[in-house]
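Visitor: Dropping the sequence and predicted coords here.
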Amino acid sequence: MKKIVFALWLGLLAACGAVQAADAGPSVTDGRGRVITLPRVPQRIVTLLPSLTESVCALDQCQRLVGVDRYSNAPAFVRGLPQVGGGLDPSIEAIVALKPDVVLLAVSSRASARLEALGIPVVALEPKTHVDVRRVLGQIATLLGLPTSSADRLWREIDAGVLAAAQSLPERAHGMRVYFEVSRGPYAAGESSFIGETLTRLGARNVVPASLGPFPRLNPEFVVRADPDVIMIGNRSMQSMVPYPGWQSMRAMKTGNVCVFGPEISDVVVRPGPRMAEAARAMAECLVEKSAKRQPGKAE
């Protein structure tokens, strides 16, 4: 009899464990290396990084967003949502008022500790490479309670778009040496960044080596010495090219081989997310235009 009772007790414990497992929410390991397990699939989400906002919407879950940072402006739906300030240092009060189930933000955001102290779950995700983008899409899909196949399908579409942009380039555009500025400083997109990886896939050569990191701040003299064939400016605050001391001597400046992307395209090219194929097309168009000045068979 005791054996039967013991067996029933074990079975009850197992059943309780199964129920608890079934009731548990999604779990991911975020960019800080922390395992975050939510009590349930989130229905109210605040995003504090434009690429994360776009990723949620690209997975067809825009309706779960209840607030965004001031720079999230795509797709059009999010422009009508409450803004909670900057991504790095947002208004904590504004976020709390929205009663989110989870806040998605950058690893570098200073808001994490304060939000967690108030009992608001935080997931830090900050993609910097193509591999990161693919992983983050999968993590967001998991948080949203979606099958991983939805993120895989989205990544395949992005990757195919980047490949198509690369295949559209004529031979003369290959091998051009490019300097890409993401922010005044100058802060550059290095070889190891998602922008640098896209340029490599387009057949361009980045003058900022991977050894300097994804987005290093450079001495302007570094760029002068590198003397790139093409300069791309993806900083949306720079509507006209404001040269640094000595830059007028560079061949790209002398020949007009400078692509200053407008505000909308700048947003696209500097965000590691669903619109990377569109970014690749914009960079490819720049390379095609500037390579038209090259003499056939002559490397610059």
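Guide: All right, it came through fine. Residues are numbered from 1 along each chain as shown.

Visitor: count of neighbours near residue 63?
Guide: The local packing of residue 63 (other Cβ atoms under 10 Å) involves 11 other residues. Heads up, the C-betas are built off the backbone N, CA and C, glycines and all.

Visitor: likewise the one 10 residues further on?
Guide: Residue 73 has 17 neighbours, counted by other Cβ under 10 Å.

Visitor: does the closest residue in space to residue 213 that isn't next to it in sequence sit in a helix, a strand or a coil?
Guide: Distance criterion Cβ to Cβ, 6 or more residues apart in numbering; nearest residue to residue 213, sequence neighbours excluded, is residue 190 at 5.8 Å. In three-state terms, and counting by DSSP: H, G, I helix; E, B strand; the rest coil, residue 190 is coil.

Visitor: Now that residue 190 has come up, it's in contact with residue 200, right?
Guide: No: under the criterion of Cβ atoms under 8 Å, residue 190 makes no contact with residue 200, lying 11.1 Å away.

Visitor: ok, the two, which is more surrounded?
Guide: residue 190 (23 against 16).

Visitor: Next one: the more buried one, what pLDDT does it get?
Guide: Per-residue pLDDT puts residue 190 at 97.

Visitor: Now do the contacts for residue 181.
Guide: 187-189, 231-235 (Cβ atoms under 8 Å, 6 or more residues apart in numbering).

Visitor: and it, what helix or strand is that in?
Guide: strand 177-183 (DSSP states H and E).

Visitor: strands paired with that strand, and their directions?
Guide: With DSSP bridges as the test, strand 177-183 is paired with strand 187-188 (antiparallel), strand 205-206 (parallel), strand 230-233 (parallel).

Visitor: Run the chain-centre distance for that strand.
Guide: Relative to the centre of its chain, strand 177-183 is centred 17 Å away, using Cα atoms, centre = their mean, to the nearest Å.

Visitor: Then stretch 73-83?
Guide: 17 Å.

Visitor: List the buried residues of it.
Guide: 73-74, 78, 81, 83 (16 or more other Cβ atoms under 10 Å).

Visitor: Can you add secondary structure and distance to residue 110 and give those back as JSON lines?
Guide: Listed next are those as JSON lines, based on DSSP: H, G, I helix; E, B strand; the rest coil; distance: Cβ to Cβ, whole Å:
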{"residue": "73", "secondary structure": "coil", "distance to residue 110": "22"}
{"residue": "74", "secondary structure": "coil", "distance to residue 110": "25"}
{"residue": "78", "secondary structure": "helix", "distance to residue 110": "23"}
{"residue": "81", "secondary structure": "coil", "distance to residue 110": "22"}
{"residue": "83", "secondary structure": "strand", "distance to residue 110": "18"}
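
Visitor: which is the next helix or strand following the helix or strand that contains residue 268?
Guide: Using DSSP H and E, residue 268 sits in helix 263-269. Per DSSP H and E, the first helix or strand lying C-terminal to helix 263-269 is helix 276-291.

Visitor: how much does that next one deviate in direction from strand 177-183?
Guide: Per axes from the mean of the first three to the mean of the last three Cα atoms, to 10 degrees, the angle that helix 276-291 makes with strand 177-183 is 130 degrees.

Visitor: how about helix 276-291: buried residues?
Guide: 276-284, 286-287, 290-291.

Visitor: Please apply the same query to stretch 150-157.
Guide: Residues 150-151, 154-155 are the ones in stretch 150-157 that count as buried (16+ other Cβ under 10 Å).

Visitor: Adding distance to residue 143, pLDDT and secondary structure, write those residues out as JSON lines.
Guide: Formatted as JSON lines, these follow (distance: Cβ to Cβ, whole Å; pLDDT from 0 to 100; DSSP: H, G, I helix; E, B strand; the rest coil):
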{"residue": "150", "distance to residue 143": "12", "pLDDT": "98", "secondary structure": "helix"}
{"residue": "151", "distance to residue 143": "11", "pLDDT": "98", "secondary structure": "helix"}
{"residue": "154", "distance to residue 143": "15", "pLDDT": "98", "secondary structure": "helix"}
{"residue": "155", "distance to residue 143": "16", "pLDDT": "98", "secondary structure": "helix"}
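
Visitor: right, and out of those, which lies closest to residue 40?
Guide: residue 150 (19.2 Å; Cβ to Cβ).
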